[in-house]
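Colleague: everything below, folded, please.
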Amino acid sequence: MDSPHRSLGEGSTATQFENIPDSFHGVSDDLYPLVITFRKFLLMLDGTLGNSYFDRFYNVKGKEDLGSKLVAMETLMMKEVNYERFESLYWPHFNVQLCKTLDSYLVFTEIISHIKGGKRTIDHGKLSREQYCDVSENRTSGLSMETRFRIYDIFQNYERMKIQHGEFDLSDIVIDLHSRLRNVRYKGDQVNFVFVDEVQDLTMAQIGLFKYICRNVKEGFVFCGDTAQTVGRDLRFKDVRSLFYEKFVLESKSWNDDKRNGKGRISDIFVLSQNFCSSAEVLQLSESIIELLYHFFPHSIDLLKVESSWIQEKTPLVIRSRNDADSILKAFGQSRCKGDENVGRVGGERVILVRDKIAREEVLRIAGKEALVLTILECKGLEFQVIVPIELYWFYIYSFVFS
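Modeller: Predicted coordinates for the structure are as follows:
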């Protein structure tokens, strides 16, 4: 499942699925099982409800020609605000005092995932200032009340700017779909089974949309993912399970029938603990980090069964040095000495992971062309042979080398 922070049109959604209808009306049997991205799902659900959300941005009514429709949708994608657009075109124009000490990705995530994408937005739309700030009393997120007030001020400025520019973000579409589906009965095809992969990349409001296309709450849904892979936001399977119970099960006719018969039950959580990608040593290191996160932020992450792996490698090397260049070059020098033939090839590159773009520029100055230098957000979903996560504190480098 694609990340909610990426562009609606990323990967040329319109052309990628040109043989799949733009609605759930009469999808031919030969197209099932239907394998689509979450963005294609949104476009199909929007097309099922008649008056499209996108009509306000571009006149696509009456254009039955496939080529014209594709051009229209590609044009619309240029109006979507994803994180990159938010950071480059919106963030520099906000009040400096509001943005002081705040990270742009944190703010965008709070807007998309909580103010406009939390569970309460499914029934009521965007959170008010009072509702958003009240959440800080119930969630261990590390954000103070004063910080939430500033984030909400930025959110209001963002919404005004977005309207002035004639643009939208993914949460605007999701909120609009929930609003229409509360007032207009879904009349598209009913799907018997829904498998949602990478569920950790979706907001609660986005997950809530799947209930409309499938009424088989007894055995028709599988939500799969790894909540330890979330970047900049918190999502737990406990929360997904609670959402499914409240919005899928309790609101279904089959649940009411089962309740009368005393058969109702909540879904189980199955933990897949065998890891086939990382070595046992790397898993031990990551487990220690997850334990720390759970200790300090117990409501922001699942504490699941410890993963195991049959892959045996050397224990990750910890480097602590005042000499930036020597530390980085030493790390990659070890990789070269091992004669790793995969290093430098696609899928086998050396990569340095940094916190943000400012740190990336600093490391690029030091490391030159020794490796790719990416932020955590940019490297999500990618795999490399040698990884050096770096956090620059004055003249210190703290890094883990996975080789």
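
Colleague: what does the pLDDT read for Pro316?
Modeller: Model confidence at Pro316, expressed as pLDDT, equals 65.

Colleague: brain fart, Val107
Modeller: Note on Val107: pLDDT of 95.

Colleague: in the strand or helix carrying it, what's buried?
Modeller: Using DSSP states H and E, Val107 sits within helix 104-110. Across helix 104-110, burial judged by 16 or more other CB atoms under 10 Å covers Ser104, Tyr105, Val107, Phe108, Thr109, Glu110. In this view, the C-beta of every residue, glycine as well, is placed from N, C-alpha and C.

Colleague: what's the burial count for the closest residue to Asn19 other than its chain neighbours?
Modeller: Distance criterion CB to CB, 6 or more residues apart in numbering; nearest residue to Asn19, sequence neighbours excluded, is Leu31 at 7.8 Å. Applying other CB atoms under 10 Å, we find 12 residues neighbouring Leu31.

Colleague: thought Leu31 was touching Ile20?
Modeller: Yes: at 6.2 Å, Leu31 and Ile20 qualify as touching, with contact defined as CB atoms under 8 Å.

Colleague: what is in contact with the two at once?
Modeller: Common contact partners of Leu31 and Ile20 (CB atoms under 8 Å, 6 or more residues apart in numbering): none.

Colleague: ok, back up a step: now the buried residues of helix 104-110 in TSV, with distance to Arg215?
Modeller: Output for these, formatted as TSV (distance: CB to CB, whole Å):
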residue	distance to Arg215
Ser104	40
Tyr105	37
Val107	38
Phe108	34
Thr109	32
Glu110	33
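
Colleague: give me the distance between the two termini of stretch 34-41.
Modeller: 10 Å (CA to CA, to the nearest Å).

Colleague: mind listing what's buried in that stretch?
Modeller: Residues of stretch 34-41 classed as buried: Leu34, Thr37, Phe38, Arg39, Lys40, Phe41 (neighbour count, 16+ other CB under 10 Å).

Colleague: please apply the same query to stretch 109-127.
Modeller: By neighbour count on 16+ other CB under 10 Å, the buried set for stretch 109-127 is 109-119, 121-122, 126-127.

Colleague: let me see the ranges of the helices in the stretch 1-150 of the chain.
Modeller: For the stretch 1-150 of the chain, applying DSSP state H, counting those that start in this stretch gives helices covering 13-16, 38-48, 66-77, 83-85, 96-99, 104-110, 121-124, 129-135, 145-165.

Colleague: which of the ones you listed sits closest to Val194?
Modeller: Val194 lies closest to helix 38-48 among these, at 9.7 Å (CB to CB).

Colleague: which strands and helices lie in contact with the closest one?
Modeller: In terms of contacts (3 or more CB pairs under 8 Å, 6 or more residues apart in numbering; DSSP states H and E), helix 38-48 is packed against helix 13-16, helix 170-183.

Colleague: what would these look like in CSV with mean pLDDT?
Modeller: Putting the helices and strands packed on helix 38-48 into CSV (pLDDT from 0 to 100) gives the following:
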stretch, mean pLDDT
helix 13-16, 57
helix 170-183, 94
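
Colleague: which one of the ones you listed lies closest to Phe54?
Modeller: helix 170-183 (8.4 Å).

Colleague: got a list of contacts for that closest one?
Modeller: 4, 8, 42, 45-46, 49, 53, 80, 82, 111-112, 116-117, 121-123, 125-126, 203, 205-206, 208-209, 212.

Colleague: dump it to CSV, restricted to CA.
Modeller: Written as CSV, here are the backbone C-alpha positions of helix 170-183 (Å, rounded to 0.1, in the frame of the first residue of the first chain):
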residue,chain,number,x,y,z
LEU,A,170,-5.3,13.2,0.1
SER,A,171,-7.2,13.8,3.3
ASP,A,172,-9.5,16.2,1.5
ILE,A,173,-10.6,13.4,-0.8
VAL,A,174,-11.0,11.0,2.1
ILE,A,175,-13.1,13.4,4.2
ASP,A,176,-15.3,14.2,1.1
LEU,A,177,-15.9,10.5,0.4
HIS,A,178,-16.9,9.8,4.0
SER,A,179,-19.2,12.8,4.0
ARG,A,180,-20.9,11.6,0.7
LEU,A,181,-21.1,8.0,1.8
ARG,A,182,-22.9,9.0,5.1
ASN,A,183,-25.6,10.7,3.0
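
Colleague: partner strands of the helix or strand following that helix, with direction?
Modeller: Note on helix 170-183: by DSSP H and E, the next helix or strand toward the C-terminus is strand 194-196. Strand pairing for strand 194-196, determined by DSSP bridges: strand 221-223 (parallel).

Colleague: quick one: buried residues of the strand it pairs with?
Modeller: Buried residues in strand 221-223, counted by 16+ other CB under 10 Å: Phe221, Phe223.

Colleague: start at 833 instead
Modeller: Got it, the first residue is 833 from now on, which makes the last one we talked about strand 1053-1055.

Colleague: for it, what is the average pLDDT?
Modeller: Average pLDDT, strand 1053-1055: 94.

Colleague: likewise stretch 1221-1235?
Modeller: If you average the pLDDT over stretch 1221-1235, you get 42.

Colleague: pLDDT weak spots in the stretch 1033-1182 of the chain?
Modeller: For the stretch 1033-1182 of the chain, residues meeting the criterion pLDDT under 70 lie at 1060, 1063-1066, 1085-1098, 1146-1181.
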